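Chemist: Build me a structure from this.
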Amino acid sequence: MEISYVTPVLIVKNGEATIGDTLDALSAFKKVVVYDNGSEDRTLSIVNEFANVQLIQGEFFGFGITKNVAASHANTEWIFSLDCDEAPDQTLINNIAAWHPQDDNCVVEIHRENFFCGKPIKTNGWGNDFLIRLYNKETHRFTKSQVHEKLELHSNSSKIKLPGKLQHTAITDLKQILEKAQLYSEIYANSEKAKFYPFPIIILKTCFAFFRSYLLKLGLFSGWRGFIISFGDAVGVFFKYAKVYQKAEVKK
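Modeler: Numbering: from 1, shown residues only. Below is the predicted model:
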């Protein structure tokens, strides 16, 4: 089985821990585009081991724009957008191979199963995770958002779901919690979406982020994993607003 009508496209920086598994899972696709934006680990050498991969090296412009730039290098109109820590299961691959899109305005929602230190998590908002990841690049693009990018839909867009899952190795080591908080808060603080809040409000938002994740989103039912995810959510909220606050105060 070779899938040639759609090209998987992923962007990566220092993804040596997971990108090999991702590319292994994409062996059925005729061509895969990997857009690397400055890896300093073994990512490039791992990518070069796969004959069906086209490696592109370029700058990072924020997640939305970078994903659009990466997709522009694909030879097909249909794009299967992934992160470097996601891998489609065989059911999803089989259904992508069997699907014959007739409408360029159609987009495909895919169920993403999120893993934390080897265990799938259903709580903390991680369970019912459906994302639009298969689309035609002539009719759809990602937003220009620096973070939390999503595919822009229009009045003619139609959504379907294909059976199968994207298996997302979200966290394999607790240090990634802090690394992701640092990365996303830095991008947010320098983006057009950055909002200034008084420091007491930042503290309240931080506390509510933990409360929402641990209690409202039932993180307490996932044991220590659920607690750490909730703590990480709170840390991420604190630093993204605290960095905006710091920038404003330093300018005074």
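Chemist: where's the strand or helix carrying residue 244 relative to the chain centroid, distance-wise?
Modeler: In this structure, residue 244 is located in helix 223-251 according to DSSP states H and E. Mean C-alpha position of helix 223-251 versus that of the full chain (CA atoms, centre = their mean, to the nearest Å) differs by 19 Å.
Chemist: Give me the buried positions along it.
Modeler: Neighbour-count burial for helix 223-251, counted by 16 or more other CB atoms under 10 Å, picks out 225-245. No exception for glycine: its C-beta is placed from N, CA and C like everyone else's.
Chemist: Could you do stretch 153-160 as well?
Modeler: Along stretch 153-160, these residues count as buried under the neighbour rule (16+ other CB under 10 Å): residue 157.
Chemist: How about stretch 35-49?
Modeler: Those would be 35, 36, 37, 39, 43, 44, 46, 47, for stretch 35-49 by 16+ other CB under 10 Å.
Chemist: before we move on, what about stretch 84-100?
Modeler: Buried, per 16+ other CB under 10 Å, within stretch 84-100: 84, 85, 86, 87, 88, 92, 93, 94, 95, 96, 97, 99.
Chemist: show me the contacts for the second one.
Modeler: Put plainly, it is residue 85. Residues near residue 85 by CB atoms under 8 Å, 6 or more residues apart in numbering: 15, 17, 18, 19, 22, 168, 169, 170.
Chemist: can you rerun that using 10 Å?
Modeler: With contact set as CB atoms under 10 Å, 6 or more residues apart in numbering, residue 85 has these partners: 10, 12, 15, 17-19, 21-22, 115, 167-172, 176.
Chemist: average model confidence for stretch 33-47?
Modeler: Mean pLDDT, stretch 33-47: 97.
Chemist: Show the end-to-end separation of it, please.
Modeler: With CA to CA, to the nearest Å as the measure, stretch 33-47 spans 10 Å from end to end.
Chemist: please begin residue numbering at 38 from this point
Modeler: Understood, numbering begins at 38; the last thing we discussed is stretch 70-84.
Chemist: Quick check: what element follows the lowest-mean-pLDDT helix or strand in the chain along the chain?
Modeler: Least confident helix or strand of the chain, by mean pLDDT, DSSP states H and E, is helix 212-226 with a mean of 92. Moving toward the C-terminus from helix 212-226, the next helix or strand (DSSP H and E) is helix 236-248.
Chemist: What is that following helix packed up against?
Modeler: On a contact count with 3 or more CB pairs under 10 Å, 6 or more residues apart in numbering; DSSP states H and E, helix 236-248 meets helix 260-288.
Chemist: among the contacts of residue 122, which ones are buried?
Modeler: 47, 49, 52, 54-56, 59, 152, 204-208, 213.
Chemist: Let me have those residues in TSV, extended by secondary structure and distance to residue 195.
Modeler: TSV is the format used below for the buried ones among the contacts of residue 122 (DSSP: H, G, I helix; E, B strand; the rest coil; distance: CB to CB, whole Å):
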residue	secondary structure	distance to residue 195
47	strand	25
49	strand	30
52	coil	33
54	coil	37
55	coil	32
56	helix	32
59	helix	28
152	strand	31
204	strand	26
205	strand	25
206	strand	31
207	strand	29
208	strand	34
213	helix	36
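Chemist: Return the closest of those residues with respect to residue 178.
Modeler: residue 47 (16.4 Å; CB to CB).
Chemist: check contacts around that closest one.
Modeler: 56, 59-60, 63, 69-73, 84, 90, 104, 107, 117-123.
Chemist: For this protein, give me the ranges with low pLDDT.
Modeler: Scanning the chain for pLDDT under 70 picks out 289.
Chemist: give me that answer again for 80
Modeler: 38, 184-185, 288-289 (pLDDT under 80).
Chemist: The residue nearest the centre of it bridge partners, please.
Modeler: By CA atoms, centre = their mean, the mean C-alpha position of the chain lies nearest to residue 120, the distance being 5.1 Å. Beta-bridge partners for residue 120, by DSSP bridges, are residue 48.
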